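In: okay, here's the prediction I keep looking at, along with the sequence it came from:
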Amino acid sequence: MFIYGSNLGFLLLIPMIIFAMYAQSKVTRTFNKYLRVPNSRNLSGYETARKILDAHGLYDVPIEKVGGHLSDHYDPRTRTVRLSEAVYSGRSVASSSVGAHEVGHALQHAEGYVPLKLRSLLAPAAQFGSKYMIFLIFMGFIFNILQLIDLGILFFSLALLFQIVTLPVEFNASLRAIDNLHHMALVGQEDLAGSNAVLKAAAMTYVAAAAVSAAQLFRFILLRNARR
Ligand SMILES: [Zn+2]
């Protein structure tokens, strides 16, 4: 029974992990490809982001540089857009697209977009959960304490819920990005296909991460029930 649960769980987990690895390599390849394609409007990621923020009256939302590769994000706690060097200074289709995406989160925040609120609400529990769930689950299995396993599974579920709520937040930010890039003419008409490709590839990594967690959770539930 233990073996059965373990095998079935693995069978589901393996394709999800392959999907996640594919999504990760796809986003890197697509990003690097469009990092070499100049934005035909000759705007940097910073200028693109600044123009969208200002057009929406968000003059007080700062744009800062952050270290790392693909480390771009919006911080809702400080209402700050942070862009990596390649995005901040780059004048490529990828730079403008990622800049516009991060600003999409700032627009969501200013508007009180519900999934973003929900995500911020879940963030502390999810962070706590993803830190301790594996420890709890493994201790539970080693010492055969069902309550520990259940607590670990509860934390895992919260972390998965966070990843699921992240999906509409990310998809919506990219929709806003494309809309603004297009209507404000921040990239050329011929650049829009590239913008779409970059943002789609980025969105897929979030779907893949949630799929891996879901399969992992399912596997732990099977193992737990086999242990009972
Ligand atoms: Zn995002």
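Out: Great, that's in hand. Numbering: from 1, shown residues only.
In: run a quick neighbour tally on residue 149.
Out: 23 (other Cβ atoms under 10 Å). Yep, even glycine has a C-beta here, placed from its N, CA and C like the rest.
In: scratch that, residue 166
Out: Counted with other Cβ under 10 Å, residue 166 comes out at 21.
In: tell me which element it is part of?
Out: Under the criterion of DSSP states H and E, residue 166 resides in helix 146-183.
In: how about residue 43?
Out: Using DSSP H and E, residue 43 falls outside every helix and strand.
In: wait, isn't it in contact with residue 96?
Out: Yes. With contacts counted by Cβ atoms under 8 Å, residue 43 reaches residue 96, the gap being 5.8 Å.
In: quick one: buried residues of the least confident helix or strand in the chain by mean pLDDT?
Out: Using mean pLDDT, DSSP states H and E, helix 2-35 stands out as the lowest-scoring helix or strand of the chain, at a mean of 85. By neighbour count with 16 or more other Cβ atoms under 10 Å, helix 2-35 contains the buried residues 5, 9, 12-13, 16, 19-20, 23-24, 26-27, 30-31, 33-35.
In: between these, which is nearest the ion?
Out: residue 27 (12.1 Å; Cβ to the ion).
In: tell me which residues touch residue 141, please.
Out: When contacts are counted by Cβ atoms under 8 Å, 6 or more residues apart in numbering, residue 141 touches 149, 223, 227.
In: please redo it, this time with the cut-off set to 10 Å
Out: 148, 149, 152, 220, 223, 224, 227 (Cβ atoms under 10 Å, 6 or more residues apart in numbering).
In: same check, this time on residue 94
Out: Contacts of residue 94 (Cβ under 10 Å, 6+ apart): 30-37, 39, 45, 86-87, 194-195, 197-199.
In: looking at residue 43 and residue 96, which is more packed in?
Out: residue 96 (32 against 21).
In: and residue 94, helix, strand or coil?
Out: Following DSSP: H, G, I helix; E, B strand; the rest coil, the label given to residue 94 is helix.
In: give me the nearest residue to it, chain neighbours excluded.
Out: residue 34 (3.8 Å; Cβ to Cβ, 6 or more residues apart in numbering).
In: how about the one you found, what does it touch?
Out: So residue 34 contacts 90, 92-98, 191, 193-195, 197-198, 201 (Cβ under 10 Å, 6+ apart).
In: which among the contacts of residue 141 gets closest to residue 186?
Out: residue 220 (45.1 Å; Cβ to Cβ).
In: now the helix or strand that that closest one is a member of, how far from the centre of its chain.
Out: If you go by DSSP H and E, residue 220 is part of helix 192-227. Remark: helix 192-227 is offset 10 Å from the chain centroid, using Cα atoms, centre = their mean, to the nearest Å.
In: ok, stretch 157-168 next?
Out: The answer for stretch 157-168 is 10 Å, by Cα atoms, centre = their mean.
In: for that stretch, what does the pLDDT average out to?
Out: For stretch 157-168, the mean pLDDT works out to 95.
In: residue numbering should commence at 31 henceforth.
Out: In the new count, where the first residue is 31, that last one comes out as stretch 187-198.
In: and the gap between the one residue sitting closest to the centre of the chain and the ion?
Out: Closest residue to the average C-alpha location of the chain: residue 236 at 4.6 Å, with Cα atoms, centre = their mean. Distance, residue 236 to the ion, using Cβ to the ion, to the nearest Å: 8 Å.
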